[in-house]
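**Q** this one's structure only:
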């Protein structure tokens, strides 16, 4: 049975438990943090639960205002267990940040007194369907993903003006990173962290060019250069140690340490991936390389940055899963000029900010 129904405007004292659904992708999980923080400030007595798929809970462990993480495992058994756990958690409010059939099923299974989703979500399980942030906030531009998440809580009456994307730094992780940097021979002083890998081909600037970029930045002598790789990228780690001359290589850092590494750096150079959002969360300037994904929706939010992308392609952004160009596949990312990436990254590492994007305040 559902709880007794809630209505708008919502009374924060009426919400004992609020459940938020954002199933996958570290970057997208980070980008819901401002909405969660705004909600907690508005309803400080409410317990906040978040549903994610396996492998995406580490980031939520860094957020002090998240009280419980529910794991939605795959397969019939895992799916059934997730539905039962959501039901047993018994939220008063469920907000679906994700969309899609599985998120809709979890929303329905929660039995919440009020369920919320975007108006574009096609499943008939939402009591409140929220317009896109462009309309709700009167932006006059395409909304960032952070703003789309904020819109879902703003529609409930949650104040969102001044919302920020920020992460605390775990002192233990900070100490562990200092030991890793010392062991790797990274000197003190200015430091650029490069994130050379991502999940979609349409976001992946060729890896060989990342190695060359790291070598050139290191030889410029304006600061240490650190290439960071995920635990499963051992082949790329070996390649980087051979080819990225003068750069330092770190791999296998848990998310808490990766976050601390970025927080203590001078610059992040990254594709549309976890790197740009960690930079934003810690206020670290960022050179953001974009290909097939939309920078309006995914740029580093609320931090000084510059966007680098191949301009003039009518097919971009397309999402980055497949390329239908018969003449120059992946021109949107492979066509980005090496010299432009190097010159811009070096200037930003040196403290100059050519092409810096204006910061946009939270609606």
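**A** Received, thanks. This structure is a prediction, so every number in the text was calculated from the model and none was measured.

**Q** what sits up against stretch 102-114?
**A** The contact list for stretch 102-114 (Cβ atoms under 8 Å, 6 or more residues apart in numbering) reads 1-7, 10, 19, 21, 23, 51, 72, 79, 82-84, 86-87, 89-94, 96, 115, 117, 121, 123, 125-128. Heads up, the C-betas are built off the backbone N, CA and C, glycines and all.

**Q** quick one: the strands in the protein?
**A** In the chain, strands defined by DSSP state E lie at 17-21, 47-52, 68-71, 93-96, 114-118, 128-130, 191-195, 224-229, 248-251, 267-271, 286-289, 305-308, listed in chain order.

**Q** make JSON lines out of the ones you listed and add mean neighbour count, mean pLDDT and distance to residue 151.
**A** Below are the strands of the chain laid out as JSON lines (neighbours: other Cβ atoms under 10 Å; pLDDT from 0 to 100; distance: least, Cβ to Cβ, whole Å):
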{"stretch": "strand 17-21", "mean neighbour count": "24", "mean pLDDT": "98", "distance to residue 151": "14"}
{"stretch": "strand 47-52", "mean neighbour count": "23", "mean pLDDT": "97", "distance to residue 151": "18"}
{"stretch": "strand 68-71", "mean neighbour count": "16", "mean pLDDT": "96", "distance to residue 151": "23"}
{"stretch": "strand 93-96", "mean neighbour count": "28", "mean pLDDT": "98", "distance to residue 151": "11"}
{"stretch": "strand 114-118", "mean neighbour count": "23", "mean pLDDT": "96", "distance to residue 151": "8"}
{"stretch": "strand 128-130", "mean neighbour count": "18", "mean pLDDT": "95", "distance to residue 151": "6"}
{"stretch": "strand 191-195", "mean neighbour count": "25", "mean pLDDT": "98", "distance to residue 151": "28"}
{"stretch": "strand 224-229", "mean neighbour count": "25", "mean pLDDT": "97", "distance to residue 151": "33"}
{"stretch": "strand 248-251", "mean neighbour count": "20", "mean pLDDT": "97", "distance to residue 151": "37"}
{"stretch": "strand 267-271", "mean neighbour count": "28", "mean pLDDT": "97", "distance to residue 151": "26"}
{"stretch": "strand 286-289", "mean neighbour count": "28", "mean pLDDT": "97", "distance to residue 151": "23"}
{"stretch": "strand 305-308", "mean neighbour count": "21", "mean pLDDT": "95", "distance to residue 151": "23"}
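
**Q** JSON lines for those, including distance to residue 182?
**A** Listed next are the strands of the chain as JSON lines, based on distance: least, Cβ to Cβ, whole Å:
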{"stretch": "strand 17-21", "distance to residue 182": "39"}
{"stretch": "strand 47-52", "distance to residue 182": "34"}
{"stretch": "strand 68-71", "distance to residue 182": "33"}
{"stretch": "strand 93-96", "distance to residue 182": "43"}
{"stretch": "strand 114-118", "distance to residue 182": "47"}
{"stretch": "strand 128-130", "distance to residue 182": "48"}
{"stretch": "strand 191-195", "distance to residue 182": "13"}
{"stretch": "strand 224-229", "distance to residue 182": "12"}
{"stretch": "strand 248-251", "distance to residue 182": "11"}
{"stretch": "strand 267-271", "distance to residue 182": "20"}
{"stretch": "strand 286-289", "distance to residue 182": "25"}
{"stretch": "strand 305-308", "distance to residue 182": "29"}
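
**Q** could you chop this protein up by domain?
**A** Following automatic domain parsing, one finds the domains of the chain at 12-154, 171-349.

**Q** please pull out the lowest mean pLDDT helix or strand from this protein.
**A** None of the helices or strands of the chain scores lower by mean pLDDT, DSSP states H and E than helix 26-31, at a mean of 88.

**Q** what's in contact with it?
**A** 22, 52, 56, 59-60, 144-146, 149, 165, 167, 255, 272-274, 276-278, 281, 298, 301.

**Q** quick one: which of these sit in helices?
**A** Among those, the residues falling in helices (DSSP state H) are 145, 146, 149, 255, 274, 276, 277, 278, 281, 298.

**Q** closest one of those residues to residue 224?
**A** residue 278 (17.8 Å; Cβ to Cβ).

**Q** pull the contacting residues for that closest one.
**A** For residue 278, the contacting residues are 30, 167, 258, 259, 262, 268, 284, by Cβ under 8 Å, 6+ apart.

**Q** next one, pLDDT for the nearest residue to residue 309 once chain neighbours are set aside please.
**A** Excluding the flanking residues, the one nearest residue 309 by Cβ to Cβ, 6 or more residues apart in numbering is residue 290, at 4.2 Å. For residue 290, the pLDDT comes out at 96.

**Q** now do the one 4 residues further on
**A** On pLDDT, residue 294 comes in at 94.

**Q** which parts of this structure are helices?
**A** Assigned by DSSP H, the chain shows helices spanning 26-31, 33-42, 75-89, 101-109, 133-136, 145-154, 171-183, 207-220, 234-243, 255-263, 274-282, 295-298, 331-334, 338-349.

**Q** which stretch in the ones you listed has the least confidence?
**A** helix 26-31 has the lowest average pLDDT among the helices of the chain, namely a mean of 88.

**Q** I am finished for the moment; much appreciated.
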